[in-house]
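Trainee: got a predicted structure plus its sequence, pasted below:
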Amino acid sequence: MTRVLVVGSDTREERALLGRLLQVAGLPPEALQRCADLDQCDLLLVRDTPALRSAAMHMASKRPAMRLWMHDDAGVVHDGRSSSPCHLDDAQIQRALAPSPPPPAPDNGEGLFLANGAKQMTRLLRQRLQERTGYALLSVRSEPLLLIDFEHDLAVPLNAGASAGSNLAQQLGDLFDLLTLQELSAQRFQALAGSMSRQPLRPLLWQMAQHSDNWTDFERRLQQHAQVSLLRWPDFRVLAHQHDGFRLCSLLLKKPCSLHECTRLLELDIDATRAFMRSAYLCGYAEVKVPEVASPPPPPARQGASALLARMWRSVRNRTGSFA
């Protein structure tokens, strides 16, 4: 599935563009999903105007993994990252959007690396926590740190010295941008986990986000007055003895609020509020939406000389007729 953010087109044009891409690529409707979050999209599809082109290039420069396509009024698409306009033909669009064939399962039960770095890690952890499927190995610089059982919401620390919750959470938070996540089969997970102690996964991830500073994209959205809303009450183990956390939950369950609205309404420390929002987002309890900036109204049309002359002529004729 490819998540597409369309910019510069109305709803009808957007449907037409996505429909053409689906038709060219020979994909079912669910293969392209409309996306409203720039940091979550795989493809940015922008109408090719000077202003939008400049803004799109700036946004794409900060997101090297995201595709950038531009389109003209006729719907012809070209690669926005190319130094010169290079129109994409049907075959190129089909190859770009075609789903990759699944890799063969490795013999040792260890799969491909699912995520590398803070941004990919955040996206994948949120997705797997919601789906509650699969097993994974969390490592840093090829050193295994943690086994994860998404199905049962459990974590298995592999380093006995860091098995204490707070120590392990701080270690993972400090190394968040260096972490890699590798898929495991159920058999491989059981072989590695053995009889080692398990602990709840979400409270560990909650504490990890409290310690991590590698949240550039998330911080940028908060600075853009993003609205944070809570989808449900978090696990009460993550809110133990946190009176301000309960107050934030109560507020964000009632209505979406920005970071500064929360601190103003509840009179809370901004850093503590920001850390709460990071944790709630990583664990899948919250969603974040940047408000769309309304387009300025078009300037009033200027009267040309011919229109002004015609209006004056009508006025003269009307006055002449009244004395006839």
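Mentor: Everything's here; your move.
Trainee: helices along the stretch 51-200 of the chain, start to end?
Mentor: 90-97, 118-131, 165-174, 186-193 (DSSP state H, counting those that start in this stretch).
Trainee: residue 45: which of those is closest?
Mentor: Residue 45 lies closest, by C-beta to C-beta, to one member of those: helix 90-97, at 11.2 Å. C-beta coordinates here come from the backbone N, C-alpha and C atoms, glycine included.
Trainee: ok, back up a step: got the helices of the stretch 51-200 of the chain as a markdown table, with distance to residue 19, mean neighbour count and mean pLDDT columns?
Mentor: What follows is these, written out as a markdown table (distance: least, C-beta to C-beta, whole Å; neighbours: other C-beta atoms under 10 Å; pLDDT from 0 to 100):
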| stretch | distance to residue 19 | mean neighbour count | mean pLDDT |
| --- | --- | --- | --- |
| helix 90-97 | 13 | 14 | 81 |
| helix 118-131 | 26 | 18 | 89 |
| helix 165-174 | 43 | 18 | 81 |
| helix 186-193 | 40 | 15 | 92 |
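Trainee: okay, now residue 250: neighbour count?
Mentor: 12 (other C-beta atoms under 10 Å).
Trainee: residue 197 too?
Mentor: Around residue 197 there are 10 residues (other C-beta under 10 Å).
Trainee: pLDDT weak spots in the stretch 1-150 of the chain?
Mentor: Counting by pLDDT under 70, the stretch 1-150 of the chain contains low-confidence ranges at 83-85, 99-113.
Trainee: mind jotting down where the strands sit in it?
Mentor: Per DSSP state E, counting those that start in this stretch, the stretch 1-150 of the chain carries strands over the ranges 2-7, 32-34, 43-47, 67-71, 77-79, 110-116, 135-140, 143-149.
Trainee: strand partners (parallel or antiparallel) of the first one?
Mentor: The pairing partners recorded for strand 2-7 under DSSP bridges are strand 32-34 (parallel), strand 43-47 (parallel).
Trainee: ok, which of those comes nearest residue 230?
Mentor: Comparing the strands paired with strand 2-7 by C-beta to C-beta, strand 32-34 comes nearest, at 23.5 Å.
Trainee: list the buried ones in the closest one?
Mentor: residue 32 (16 or more other C-beta atoms under 10 Å).
Trainee: list of residues touching that strand?
Mentor: 1, 2, 3, 4, 5, 6, 14, 18, 21, 22, 97 (C-beta atoms under 8 Å, 6 or more residues apart in numbering).
Trainee: can you pull the contacts of the last one?
Mentor: If I follow you right, that is residue 97. 2, 21, 25, 27, 31, 32.
Trainee: can you tell me how far it is from residue 248?
Mentor: Residue 97 is 40 Å from residue 248, where distance means C-beta to C-beta, to the nearest Å.
Trainee: let me see the contact set for the residue nearest to residue 26 when sequence neighbours are not counted.
Mentor: Excluding the flanking residues, the one nearest residue 26 by C-beta to C-beta, 6 or more residues apart in numbering is residue 94, at 6.7 Å. Neighbouring residues of residue 94 by C-beta under 8 Å, 6+ apart: 24, 25, 26.
Trainee: quick one: which of the residues you listed has the most company?
Mentor: That'd be residue 25 among the contacts of residue 94, by other C-beta under 10 Å, with 19 neighbours.
Trainee: surely that residue and residue 98 touch.
Mentor: Yes - if you go by C-beta atoms under 8 Å, residue 25 and residue 98 touch, sitting 6.2 Å apart.
Trainee: low-confidence stretches in the stretch 201-324 of the chain?
Mentor: For the stretch 201-324 of the chain, counting by pLDDT under 70, the residues that fall below are 293-324.
Trainee: surely residue 1 is in contact with residue 31?
Mentor: Yes - under the criterion of C-beta under 8 Å, residue 1 makes contact with residue 31 at 5.9 Å.
Trainee: so between these two, which is more surrounded?
Mentor: Shown here are residue 1 and residue 31; by other C-beta under 10 Å, residue 31 has more neighbours (16 against 11).
Trainee: I'd assumed residue 24 was in contact with that one.
Mentor: No - using C-beta under 8 Å, residue 31 is not in contact with residue 24, being 11.8 Å away.
Trainee: ok, back up a step: just the contacts of strand 32-34 now: which is nearest residue 46?
Mentor: Looking across the contacts of strand 32-34 and measuring by C-beta to C-beta, the closest to residue 46 is residue 6, at 7.8 Å.
Trainee: what's across from the closest one in the sheet?
Mentor: Judged by DSSP bridges, the bridge partners of residue 6 are residue 45.
Trainee: residue 11: how many residues sit nearby?
Mentor: For residue 11, using other C-beta under 10 Å, the count is 9.
Trainee: mind checking how far it is from residue 17?
Mentor: 11 Å.
Trainee: now residue 151
Mentor: In terms of C-beta to C-beta, residue 151 sits 38 Å off from residue 17.
Trainee: who's more crowded, these two?
Mentor: residue 17 (20 against 14).
Trainee: and stretch 173-184, how far apart are its ends?
Mentor: End-to-end distance for stretch 173-184, by C-alpha to C-alpha, to the nearest Å: 22 Å.
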